[in-house]
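Peer 1: Quick one: sequence plus predicted model below, questions after.
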Amino acid sequence: MSIVVVGIDVGGRKKGFHAVALKEGEFFCKQASTNANALADWCRSIRAQVVAVDAPCRWRTLDGRARLAELAMATEGIRCYYAPTEEKARSHAFYAWMLSGQELYSALAIAGCAVIETFPHAVTCALSGKVVSAKDKRSIRRSLLRKLGFHIAELSNIDEVDAALCAFAAQSFAHEQFKTYGDPIGGFIIVPNLSLSHGD
């Protein structure tokens, strides 16, 4: 049976979600929506086995401790926006995208999709075999997708590029070729257990 996976880049209310689907490792289709339920229905309609989302799957605990997944990435030099408590997220406009992410996780669960959390920058570092700067992300991430054999002409913006990297993380998870950061309490962040670096 053909394996279909989806990667989703999460934005705020106006920007919405950008999704890229892979089928047997090849570009399959893409979708954009500002509606979490509509996107979850799309994932179900294409029979996605795994959906990888670029947004925190859990909030920071009420005692103020950061998620272990975020701390573990930081020890390797991979920076990200730490998830706040849900209360703080609801009181600061910056975290609107994380709230959108939570809506998406709920919608995907109702749709019966298997969902994981991933992070495009961490995927990029894993594939590069080293920590890379996020400043040059457009060229670096497109280059990595080319090395993976992707036809990147289908990806018209950085959101779709990031969604494609998320989709590759989902594919790696489906094939049990992945690395995890985190624990069951704070949730896991999944990246591919693959480096395209050859010592250069």
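Peer 2: Structure's in. What do you need? Numbering: from 1, shown residues only.

Peer 1: which stretches of this structure form helices?
Peer 2: Counting by DSSP state H, one finds helices in the chain at the ranges 36-45, 68-75, 86-91, 96-110, 120-128, 137-147, 158-174.

Peer 1: doesn't Gln102 make contact with Val115?
Peer 2: No. The pair Val115 / Gln102 is not scored as a contact, 11.8 Å apart, by Cβ atoms under 8 Å. The way it works is simple: take the backbone N, C-alpha and C, and place the C-beta from them, glycine included.

Peer 1: how about the closest residue to Leu148 other than its chain neighbours, what does it touch?
Peer 2: Nearest non-adjacent residue to Leu148, counting by Cβ to Cβ, 6 or more residues apart in numbering: Phe168, 6.4 Å away. Applying Cβ atoms under 8 Å, 6 or more residues apart in numbering, we find Phe168 in contact with 7, 22, 123, 145, 148, 192.

Peer 1: how about those in JSON lines, adding distance to Ala163, neighbour count and pLDDT?
Peer 2: JSON lines is the format used below for the contacts of Phe168 (distance: Cβ to Cβ, whole Å; neighbours: other Cβ atoms under 10 Å; pLDDT from 0 to 100):
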{"residue": "Gly7", "distance to Ala163": "5", "neighbour count": "30", "pLDDT": "97"}
{"residue": "Leu22", "distance to Ala163": "10", "neighbour count": "22", "pLDDT": "94"}
{"residue": "Val123", "distance to Ala163": "11", "neighbour count": "28", "pLDDT": "96"}
{"residue": "Leu145", "distance to Ala163": "11", "neighbour count": "21", "pLDDT": "92"}
{"residue": "Leu148", "distance to Ala163": "14", "neighbour count": "17", "pLDDT": "90"}
{"residue": "Pro192", "distance to Ala163": "15", "neighbour count": "23", "pLDDT": "96"}
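
Peer 1: on that earlier part again, quick check: which of the helices of the chain is nearest to Gly12?
Peer 2: With Cβ to Cβ as the measure, helix 96-110 is the member of those nearest Gly12 (4.2 Å).

Peer 1: which residues are contacting that closest one?
Peer 2: Here helix 96-110 makes contact (Cβ under 8 Å, 6+ apart) with 8, 10-13, 15-17, 36-37, 39-40, 43, 51, 53-57, 83-84, 89-90, 115.

Peer 1: Cheers, nothing more for now.
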